[in-house]
Structures are given as C-alpha cells and as structure tokens.
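1. Prediction below, plus the sequence it came from.
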Amino acid sequence: MSNLARRGFIFGSATLASYALVVGVQRVCFSALADDHSGDEPSSGPVTIVQFADNGTRIGAKTVAKLHRTNKEWKKLLPPAQFEVTRRAATEFAYSGALYDQHASGLYRCACCENALFDSAAKFDSGTGWPSFWAPIASENIYQRVDTSYGVVREEVKCTLCDAHLGHVFNDGPQPTGLRYCINSAALRFLPRGNS
C-alpha cells in the first residue's frame with residue numbers, strides 16, 4: 001500500500017468515526033432533552049389528508065383530527081429504532097434499513113399512524129442506501145420544513161397526520177419531478193400489493 005493510499009485510508013476512517021461520534025452525541029442529547037413534549041409542529045388542529053385503501057386505490061380527501069401523543073406515549077408504542085427516527089429525527093445508517101432494497105409493488109404507510117405516504121410506482125434506486133421516491137402518493141399527506149441540523153440546510157419531510165420525521169427531500173431525483181424523497185425505512189410500513 002502506497003504512503004498516499006495509507007494516508008487516505010486513515011483520513012477516511014477518522015472522518016467516518018468522527019461522524020458516528022457526532023451522531024451518537026446528538027442522539028444522547030435529544031434523549032436527555034426531549035422526553036415529555038410532542039414537539040413544536042406547525043398545526044395542532046384538524047388536517048386534510050388523502051386516504052388510500054391498502055391496495056393503493058384512492059378513497060378521497062378527508063379532514064381528520066391531528067394525532068397528538070407525548071414522547072413518553074410514543075416510546076411505549078414504538079420499538080426504540082422507530083422512536084428515534086420518527087420522534088427524534090434520527091437517521092438510519094445507509095443500507096441498514098429493511099426497505100432500501102424493496103422492489104415489490106405496494107403501498108408505504110407511516111409506521112406511527114398508518115397514513116399513506118408513498119406508492120412503489122414512485123420508488124427508484126438512488127444508490128444512497130435509503131428508500132427513495134420521486135413523489136409522495138398525495139402531497140396533502142406529507143409536509144416539509146427547513147432542517148438546519150449538522151450545520152446544513154435541508155428540507156425535512158414529515159407526516160401530516162402525526163408529525164413523524166420521515167427523512168429529507170433533495171433536488172437530485174429523476175423526472176418527472178426531479179426530486180428525491182430520501183426516507184428512513186423505520187418510518188415506513190410496507191404493504192405488498194396482492195393479486196386482487
């Protein structure tokens with residue numbers, strides 16, 4: 001191994017270890033500071049979402065009460081990884097989620113509230129290690145807000161019904177939208193489409 005390659009390997013390894021340390025510290029800080037509130041989300045009243053049957057058939061728009069729970073209540077209902085991702089905006093490590101390599105036809109619902117979020121028809125292989133979609137199943141079912149964590153400005157994607165953190169959206173996706181909704185597997189529940 002050349003001296004330059006050895007230095008690159010050492011620098012790359014140190015960078016990855018530093019990133020993992022920063023992510024770990026952020027998660028510990030979130031755990032210590034955010035146990036009893038449900039967050040500072042924009043809407044507390046009723047919301048309008050588009051409902052879909054499990055086979056992906058559009059049922060129609062409906063105004064429903066927004067789902068509110070404290071972090072303490074969510075912690076009792078969700079496995080630890082889902083809680084960290086959906087309620088504390090953690091991010092799965094690339095290629096670690098169960099759905100990044102899912103290619104079957106079906107519907108993706110919110111892991112917290114069952115709101116329909118994405119259809120497999122809009123899923124594509126982004127090569128990033130996270131499930132990626134070029135559009136939500138209905139724009140009403142998600143919302144976006146500015147996320148400045150890690151010193152980077154990004155667009156966070158959240159569930160309209162329960163405010164679950166889903167992931168982020170970027171402008172490097174395929175047509176027809178040019179968008180890439182980069183979503184954590186832990187935030188989703190996949191329902192395969194049957195033959196009916």
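-> Cool, got the structure.

2. quick one: contacts of stretch 162-169?
-> 38-39, 41, 66-67, 69, 85-91, 110-113, 115, 117, 130, 142, 144, 147, 154-159, 179-184, 187-188 (Cβ atoms under 8 Å, 6 or more residues apart in numbering). The way it works is simple: take the backbone N, C-alpha and C, and place the C-beta from them, glycine included.

3. What's the local residue count around residue 70?
-> 14 (other Cβ atoms under 10 Å).

4. That one and residue 108: what is the separation?
-> 26 Å (Cβ to Cβ, to the nearest Å).

5. Among the contacts of stretch 162-169, which ones are in helices?
-> The helices, defined by DSSP state H, take in 85-88 from the contacts of stretch 162-169.

6. Mind jotting down where the strands sit in the protein?
-> Ranges of strands within the chain are 47-52, 58-64, 106-110, 116-119, 123-124, 132-133, 142-147, 154-159, 165-170, 180-183, 188-192, based on DSSP state E.

7. closest one to residue 75 among these?
-> Checking these against residue 75 by Cβ to Cβ gives strand 165-170 as the closest, at 14.8 Å.

8. circling back: using TSV, lay out the ones in helices among the contacts of stretch 162-169 together with neighbour count.
-> Formatted as TSV, the ones in helices among the contacts of stretch 162-169 follow (neighbours: other Cβ atoms under 10 Å):
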residue	neighbour count
85	26
86	26
87	25
88	18
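
9. Could you single out the nearest of these to residue 57?
-> Nearest member of the ones in helices among the contacts of stretch 162-169 to residue 57, counting by Cβ to Cβ, is residue 86, at 25.9 Å.

10. which residue sits closest to that closest one, ignoring its sequence neighbours?
-> residue 164 (4.0 Å; Cβ to Cβ, 6 or more residues apart in numbering).

11. Any stretches of this structure with poor pLDDT?
-> Along the chain, the parts satisfying pLDDT under 70 run over 1, 4-9, 11-43, 195-196.

12. what residue lies at the spatial centre of it?
-> residue 166 (2.1 Å; Cα atoms, centre = their mean).

13. where's it relative to residue 78, distance?
-> The spacing between residue 166 and residue 78, counted by Cβ to Cβ, is 14 Å.

14. And for residue 92?
-> Residue 92 sits 14 Å away from residue 78, going by Cβ to Cβ.

15. Who has more neighbours out of the two?
-> residue 92 (22 against 19).

16. How many neighbouring residues does the residue nearest to the more buried one when sequence neighbours are not counted have?
-> Distance criterion Cβ to Cβ, 6+ apart; nearest residue to residue 92, sequence neighbours excluded, is residue 184 at 4.9 Å. If you count neighbours by other Cβ under 10 Å, residue 184 ends up with 28.

17. Perfect, I'm done here.
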